[in-house]
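[1] take a look and give me a structure for this.
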Amino acid sequence: MKIERLRALLVGATMIVGASAHAEELSAYPPGGKSTSIPASQLKFSDTGARGVDGKTKIEFADVYGNMTTGRHGSFFTFTPGFVSPVHSHTYDYYAVVLKGEVANYQPGEKPIKLGPGSYWYQVGKQAHITACYSKTPCEIFIVQSSKFDAQIPPVTE
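    Now for the predicted structure:
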C-alpha cells in the first residue's frame, strides 16, 4: 500500500513539474499537459537491452510521460534480482527514487549504499557508476530526466 501511494505521489509530482514548463514542452506530457492517472496494472514494460555483468539479468522500463529513448521523460525501471551493471555513464543527469527492493548506485571504488523504498539518488551525467539490485525480488525505481536516457560503457583496457 505504501509503495502504491508513493508511486502515485511521484507521478503527481512529476506532472506538477511539467505544468511549470514552457508551453512547447507540454506536448511531452500525456495528453498535452492534461492531468492523467495511470494504474500500475496498465504500465507496459519493455526490455532496455541492458544486461548485468552476468549477461543474464536485465532492466525493463515503462514510460509514464515523454519517451526515454528520445527526450525528456519520467519512467519506471525494473531490475532482475541480482542485477549488477558494468561500469557505465549517462550523457545527462537524472533523479531516481527507489520504489521496490534494495538498490545501490555508486562510483567505482566506493562502498555501495543500499537504498530501500522511498530512498533517492541524483546521478550526474558523464560520471562513471555502477547500479545494482541486491534484492531477491525485482527492484523498481522511478527516474525523471530532462533528456534521453542512454548509457556508455567504457572500453575494457588491459
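[2] and Tyr65, helix, strand or coil?
    Using DSSP: H, G, I helix; E, B strand; the rest coil, the structure places Tyr65 in strand.
[3] thought it was touching Gly71?
    No. Tyr65 is beyond contact range of Gly71, at 10.5 Å (criterion: C-beta atoms under 8 Å). C-beta coordinates here come from the backbone N, C-alpha and C atoms, glycine included.
[4] surely Ser41 forms part of a helix?
    Yes. The assignment for Ser41 by three-state DSSP puts it in a helix.
[5] tell me the pLDDT at it?
    pLDDT recorded at Ser41 is 94.
[6] from Tyr134, how far off is it?
    26 Å (C-beta to C-beta, to the nearest Å).
[7] beta-bridge partners for the residue nearest to the spatial centre of the chain, please?
    Geometric centre of the chain, nearest residue: Ile143, 3.5 Å, by C-alpha atoms, centre = their mean. Beta-bridge partners for Ile143, by DSSP bridges, are Ser75, Ala96.
[8] report pLDDT for it.
    In this prediction, Ile143 has a pLDDT value of 97.
[9] so it is in contact with Arg72, correct?
    No. Using C-beta under 8 Å as the test, Ile143 is too far from Arg72 to be in contact (11.4 Å).
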